[in-house]
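>>> this is the structure alone, sequence omitted:
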């Protein structure tokens, strides 16, 4: 039996290792899924206690697992790829809630004596982190769905810090007090309620471009819960699985923060440096460009790059991008996509959206691959991206996004920015790209503009 | 084979420390394309906290109805987390796969 768990653990590690490699990722996922299933069966067989539980328990377990698998499968198949971040946060929230329920049952149904404080502490922590992961994920989900939430004020922040302080104090008191100051069950329930409230409050001020960091962080938190549960139930598979998830979550959280040149702390505190100084939009001299001009610009280019942002996903213009690419290929124009690490609403989201539109994997490039050779591009089309191409990040220490790595679109020979209006990016910083001589703006909805461009190209 | 062992807290810490390093090594260099599938895959794996609920379910006498009800909820939520996560990851990776075949053809 223990051997089964050993195999499952190895499988998990191997599966995740494979998932880091584009060619083997699919097998990796299957290996990881099978490992979890094997460990699951192992856990049931190992712990089944015929003296206390009956066949009815086993029937219940099998029934629940089958129904849940079907539900999970339907969810996974119905979700639109643009809504991927929502699905991940919902699933993450469910896992968090499961952790809270499990911890509460343990604490309430099996008395925890005062001589078992290490065990009690594990339960408290796992309930707290599970609770924060649950409400945090749910608020993140509502934000991604664009639901109206109360605007975060200073009051919310102060309340969040107070809740955090109260939880830390209660935990420290439980671990250190010579005699229990309140029954463990009440303490567990109290701390859980505080954690649920804290999760919501702490997520509230985080939004927009910080969403990728938040989602990674919540996944990492969930990993931590699995680690704690693994220690509590003395289950190595849970422990190692939790560690792997925690490591992935943490690594991506750090990567995403770096891509925005912001410390993790400032993202999680929901801070954003407000633009000080800088010039107003009114002072900018904007040159616009028509669809016809854009089409001829593209037709007479050799190398074209598209820089997609979340705006492209909102306009659902991925398929039109692919159509444009096919059209240009007929004219021997090469088209690349250049993706900023934080484009989209979760890490790698833009890659998934492009893949869904059948855009070949080989024409999708990462920012770091091309940033030193941007001048080789004759035309760059910026679709629904703003801050990630703003040169102010490189040369204007006054700008709120100064220091953030950007795609150097301004170095290309011609830049066409597709925009619906003159709105600013998430950061609110003035985009000095629009001042450049080589930059022109094509106003209109990205999807219909692309359709018109493709039509024009047919006549050229 | 009849051997059982239990991890003591200190063993747990050893496993924890080693697997932390391992975790970082395993996933240190991931291309951006795989970030989303890796996230959803990791999310699926974190659903294994449902094991806790399973242990509760198979050791509880059927007359303790409330414990059964709540652990059932936990097991269900955790299982949806796992199944949904793995299936959606599979769906995404399948999209990448199709693309690669296209590339070979062209």
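Thanks, I have the structure now. Since the model is a prediction, treat every value here as computed from it, not as a measurement.
>>> so where do the helices sit in the stretch 351-460 of chain A?
A:367-370, A:392-395, A:446-459 (DSSP state H, counting those that start in this stretch).
>>> and the last one, what does it pack against?
Counting contacts by 3 or more Cβ pairs under 8 Å, 6 or more residues apart in numbering or on different chains; DSSP states H and E, helix A:446-459 is packed against helix A:291-299, helix A:318-330, strand A:414-419. Using the backbone N, CA and C atoms, a C-beta is placed for each residue, glycine as well.
>>> mind doing that once more with 10 Å?
When contacts are defined as 3 or more Cβ pairs under 10 Å, 6 or more residues apart in numbering or on different chains; DSSP states H and E, helix A:446-459 sits against helix A:291-299, helix A:310-314, helix A:318-330, strand A:379-383, strand A:414-419, strand A:439-443.
>>> give me whichever of the ones you listed is most buried.
Each of the helices and strands packed on helix A:446-459 was scored by mean neighbour count; the highest is strand A:379-383, a mean of 27, by mean count of other Cβ atoms under 10 Å in any protein chain shown.
>>> so what strands line up beside that one?
Sheet pairing for strand A:379-383, assigned by DSSP bridges, gives strand A:303-308 (parallel), strand A:414-419 (parallel).
>>> just the angle between the last one and helix A:291-299, please?
Angular relation of strand A:414-419 and helix A:291-299 on a 0 to 180 degree scale: 140 degrees, by axes from the mean of the first three to the mean of the last three Cα atoms, to 10 degrees.
>>> CSV for the helices and strands packed on helix A:446-459, including distance to residue A:156 and mean pLDDT?
Converted to CSV, these look like this (distance: least, Cβ to Cβ, whole Å; pLDDT from 0 to 100):
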stretch, distance to residue A:156, mean pLDDT
helix A:291-299, 45, 89
helix A:310-314, 26, 82
helix A:318-330, 36, 90
strand A:379-383, 35, 91
strand A:414-419, 33, 90
strand A:439-443, 38, 89
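>>> redo the helices of the stretch 351-460 of chain A as CSV? Include mean pLDDT.
Below are the helices of the stretch 351-460 of chain A laid out as CSV (pLDDT from 0 to 100):
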stretch, mean pLDDT
helix A:367-370, 87
helix A:392-395, 85
helix A:446-459, 88
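>>> dump these to CSV, plus distance to residue A:130 and mean neighbour count.
Putting these into CSV (distance: least, Cβ to Cβ, whole Å; neighbours: other Cβ atoms under 10 Å in any protein chain shown) gives the following:
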stretch, distance to residue A:130, mean neighbour count
helix A:367-370, 36, 15
helix A:392-395, 38, 18
helix A:446-459, 41, 18
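>>> rebuild these as JSON lines, extending it with distance to residue B:91.
Output for these, formatted as JSON lines (distance: least, Cβ to Cβ, whole Å):
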{"stretch": "helix A:367-370", "distance to residue B:91": "26"}
{"stretch": "helix A:392-395", "distance to residue B:91": "35"}
{"stretch": "helix A:446-459", "distance to residue B:91": "24"}
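>>> what about the chain, any weak spots by pLDDT?
No chain in the question, so chain A it is. Within chain A, the ranges that satisfy pLDDT under 70 run A:208, A:270-283, A:423-428.
>>> try chain B instead
B:1-9, B:97-106.
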